[in-house]
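Visitor: quick one, what's the 3D model for this:
(one chain, ligands or ions: 1)
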Amino acid sequence: MPDLRAPRGMHDLLPDDEPLWLHVRDTAERVARAFDYRLIQTPLVEDAGVFQRSAGGDSDIVAKEMYVFDDRGGDRLALRPEGTAGVCRAYLEHGMASRPQPVRLYYCGPFFRYDRPQAGRYRQLWQFGVENIGDGSPAADVETIELQHLLYQELGLRDLALRVNSIGTAETRHRYVATLTEHLRPHAATLSPDSQRRLESNVLRVLDSKEDAGHPALVSAPSILDFLAPADVDHFTRVCASLDALGISYAVDPRIVRGLDYYARTVWEFEPPEAGGQSTVGGGGRYDGLIEMLGGPHTPGVGFATGIERIVLNLRERGLGPAAPAAPDVAMIALGEAGEAAALSVARALRAAGLAVRGATPGRSMRAQLRSATSAGARFAVIVGDAEARDGVVQLKPLTVTADQATVAVGEVAEAIRSRG
Ligand code: HAM
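Guide: Numbering: from 1, shown residues only. Reported below is the predicted structural model:
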């Protein structure tokens, strides 16, 4: 075992993981494009203020989990712990408000949280996310939820449970937080140490504490839905009605509060049915105040992000995903000096014709090269020795079906492969 390893909670993506990983990423991009979302890529690091101002200085993500450092020029930077704030920073910086609204954006990339590593919880994690900026209507919430729902359907994750809630405006939460704190304080001694701490710093997060799930004080806690202003109630009612009309099943759960301060009105999470709130596959919500927090004009926005590793875990548990890894169409086999040179130009021509070609390993025996062609899953071996090079031909050998090897002129190899399927 080498003494240098990947940092704790961070993982290498290995070739064996590739088929499932690409399947998830490609499916997500296809679904986002079907809703006319366009790719945005923001830097992996941002000015730390981007997250402090938006996600909230008291949120776990910023206060405990963010990787912050001063660069050599003295700028205080952070590895991005989430995507929404950076996308909104880019929206403002590039004047996207002057484009037709809403602006629909998607992203896929690594994020960093100094969390306690465990199954499904990493310090470098991948998210696929979308942001719909500039549309404050319930229809935008519904479109975003529908996109996320369709993504899981397309991947075969049909049993994920959707829980939705509305957390109203900052003013709603202010009033609710006061009432909830008053309700919970007499029970403080019987709550977990984590919840006791949060009772003072971030009482909303006590609601989704996994240790205290089922605690009588939480079961009897007041519901934030009773604190909503009439316009927020109307917004939420319309979101629910549209989900009903689309046949997307969901449960209203007043305990979904999310861990970031920028949310307002609709919030939601998707999770495996048996998980009990501990392994959310993806979540999102509306963040109408976020762009103002970053110094821009009032601009509504809504979006979600889903953890790619958590999707992959769920697909693996259910035995879902692509059956076979990608294999090359052709493996070149070169023998002799002239054969080696000819194999290079045959391979180049085949690639130009659109085939995936694995290069030869000249110097090894015919048997060894054939063995590695077969284990790579190539459909054909194209064999070029000195005699073939001299005559301008190759030997075309099917590897995945029993059929005879054929002598084919160099200029006709691609066609011969195509005609053999
Ligand atoms: P989030 O709920 O913090 O939301 O993260 C979204 C998803 O990222 C989670 O549901 C989970 O699948 C994955 N995830 C989070 N932390 C980890 C971790 N330590 N290890 C593995 N996976 C993890 C956001 O990030 C918001 N920006 C979502 C959003 C977009 N809201 C509006 N637009």
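Visitor: list the contacts for residue 388?
Guide: Residue 388 makes contact with 339, 342, 394, 395, 407, according to CB atoms under 8 Å, 6 or more residues apart in numbering. Every C-beta, even on glycine, is put in place using the N, C-alpha and C of the backbone.
Visitor: what subset of these is buried?
Guide: Neighbour counting with 16 or more other CB atoms under 10 Å marks 339, 342, 394, 395 as buried within the contacts of residue 388.
Visitor: need the contact list for the last one.
Guide: I take that to be residue 395. Counted by CB under 8 Å, 6+ apart, residue 395 has contacts 381, 382, 383, 384, 388, 405, 406, 407, 408.
Visitor: pop out the phi and psi values for it.
Guide: phi -100, psi 120 (degrees, to the nearest 10).
Visitor: so which of the contacts of residue 388 comes closest to residue 140?
Guide: When the contacts of residue 388 are ranked by distance to residue 140 (CB to CB), residue 394 comes first, at 57.5 Å.
Visitor: which ones are touching the closest one?
Guide: Contacts of residue 394 by CB under 8 Å, 6+ apart are 342, 346, 382, 383, 384, 388, 407, 408, 410, 413.
Visitor: neighbours of the residue lying closest to residue 302 once chain neighbours are set aside, how many?
Guide: In space, residue 302 comes closest to residue 286 once its chain neighbours are excluded; the distance is 4.4 Å by CB to CB, 6 or more residues apart in numbering. Taking other CB atoms under 10 Å as the neighbour definition, residue 286 ends up with a count of 27.
Visitor: can you show me the strands along the stretch 251-400 of the chain?
Guide: 251-252, 266-271, 282-286, 301-307, 330-334, 357-358, 380-384, 393-398 (DSSP state E, counting those that start in this stretch).
Visitor: just give me the neighbour total for the one residue in the stretch 101-250 of the chain that gets nearest to the ligand.
Guide: Closest approach between the stretch 101-250 of the chain and the ligand, counting by CB to the nearest ligand atom: residue 125, at 3.6 Å. As a burial measure, residue 125 scores 22 neighbours (other CB under 10 Å).
Visitor: can you name the next helix or strand after the helix or strand encompassing it?
Guide: Using DSSP states H and E, residue 125 sits in strand 124-133. Going down the chain from strand 124-133, the next helix or strand is helix 138-155, by DSSP H and E.
Visitor: distance from the chain centre to that following helix, please.
Guide: 14 Å (CA atoms, centre = their mean, to the nearest Å).
Visitor: residues near the residue nearest to residue 296 when sequence neighbours are not counted, how many?
Guide: Computed as CB to CB, 6+ apart, the closest residue to residue 296 that is not its neighbour in sequence is residue 92, at 4.4 Å. Per other CB under 10 Å, the neighbour tally for residue 92 reads 17.
Visitor: next one: residue 92 from residue 139, what distance?
Guide: Using CB to CB, to the nearest Å, residue 92 is found at 24 Å from residue 139.
Visitor: that older thread, the contacts of residue 388 into JSON lines, with extra columns for pLDDT and distance to residue 236?
Guide: Formatted as JSON lines, these follow (pLDDT from 0 to 100; distance: CB to CB, whole Å):
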{"residue": "339", "pLDDT": "97", "distance to residue 236": "71"}
{"residue": "342", "pLDDT": "97", "distance to residue 236": "70"}
{"residue": "394", "pLDDT": "98", "distance to residue 236": "67"}
{"residue": "395", "pLDDT": "98", "distance to residue 236": "69"}
{"residue": "407", "pLDDT": "98", "distance to residue 236": "72"}
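Visitor: which positions in the protein make contact with the ligand?
Guide: 82-84, 113, 115, 120-122, 125, 127, 129, 131, 259, 280-285, 287, 303-307, 309-310 (CB under 6 Å from any ligand atom).
Visitor: in what helix or strand does residue 66 lie?
Guide: Applying DSSP H and E, one finds residue 66 in no helix or strand.
Visitor: I'd say it and residue 81 touch.
Guide: Yes. At 5.2 Å, residue 66 counts as touching residue 81 under the criterion of CB atoms under 8 Å.
Visitor: more neighbours, these two?
Guide: A count of neighbours by other CB under 10 Å puts residue 81 above the other of residue 66 and residue 81, at 25 against 21.
Visitor: over to that one. Which of the three states is it?
Guide: Under DSSP: H, G, I helix; E, B strand; the rest coil, residue 81 falls in the coil class.
Visitor: now do the contacts for it.
Guide: 51, 55, 61, 62, 65, 66, 67, 111, 112, 113.
Visitor: count the neighbours of residue 76 for me.
Guide: Residue 76: 12 surrounding residues under other CB under 10 Å.
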